[in-house]
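The sequence isn't on hand, but the structure is:
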């Protein structure tokens, strides 16, 4: 079984600053995917960024980037130039690379507040 | 992008009654859908995997007779909470992925169930 750990229940950052959210995971799988999802107050889950474990290059999506350390089983999310709209709960998630299986294992979440 | 629609967004029901939640994939066929439960300020916990044309697969600890899942078509899965109790009050979210290699999970808007 997989586990995903987010050790920061809450974080805050000043608008326009940079913040890093931490995530570690444990798995015996060699092929898998990692995700960061955002859940704003509307509670709609929104994909922020995705990383394939077999790719060494860290994924980036505009202001969002990850630091993927496979050996350390670490997958942190960096948000640059934070905006008020980034305020949300952020979940790190794991998915096995396993045929049709698409279920996600989520971390406990980090509530990020961007301060004006 | 793909859209998954969940209905209703909010429902209040009396103890002992049943309530049905629908999850539809609007622009793709989903042979597999997933149902998650989320308690306030907590993470998403996988309840069950809904398989089109066959029985759902339930996670350990989830009562299959209480949470009935039907996936009768390639675009619709339903979750019925039977004989609801106040402790069943929660936020329920479904997700689905496009068939094939695309790993992105698309989430419904969620259903807030309150049992009074």
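Okay, I see it. Just so it is clear, the structure is predicted and the values come from calculations on it, not from any experiment. Numbers count the residues shown, from 1 in each chain, chains lettered A, B, ... in the order given.

what's the neighbour count on the residue lying closest to residue B:70 once chain neighbours are set aside?
Of all residues not flanking residue B:70 in the chain, residue B:78 sits nearest, at 4.9 Å (C-beta to C-beta, 6 or more residues apart in numbering or on different chains). In this view, the C-beta of every residue, glycine as well, is placed from N, C-alpha and C. By the measure other C-beta atoms under 10 Å in any protein chain shown, the count of residues near residue B:78 is 19.

Let's check: the centremost residue of chain B is which one?
Central residue of chain B (C-alpha atoms, centre = their mean): residue B:35, 3.7 Å from the mean position.

Any chance of the backbone angles for the residue nearest to residue B:70?
As for residue B:78, its main-chain torsions (degrees, to the nearest 10) stand at phi -120, psi 140.

And residue A:85, by the same measure?
Recorded main-chain torsions at residue A:85 are phi -70, psi -10, according to degrees, to the nearest 10.

Number of residues surrounding it?
Neighbour count of residue A:85, defined by other C-beta under 10 Å: 9.

Check residue B:36 too.
Residue B:36 has 24 neighbours, counted by other C-beta under 10 Å.

so who does it touch?
B:44-47, B:92-95 (C-beta atoms under 8 Å, 6 or more residues apart in numbering or on different chains).

before we move on, what about residue B:87?
Neighbouring residues of residue B:87 by C-beta under 8 Å, 6+ apart: residue B:115.

before we move on, the earlier item: and the residue nearest to residue B:70, how close does it get to chain A?
According to C-beta to the nearest C-beta, to the nearest Å, residue B:78 and chain A sit 18 Å apart.

Next up, the contacts around that residue.
Taking C-beta under 8 Å, 6+ apart, we find residue B:78 in contact with B:20-23, B:69-72.

Equivalent analysis for residue A:107, please.
Residues near residue A:107 by C-beta under 8 Å, 6+ apart: A:4-6, A:23, A:25, A:91-93, B:43.
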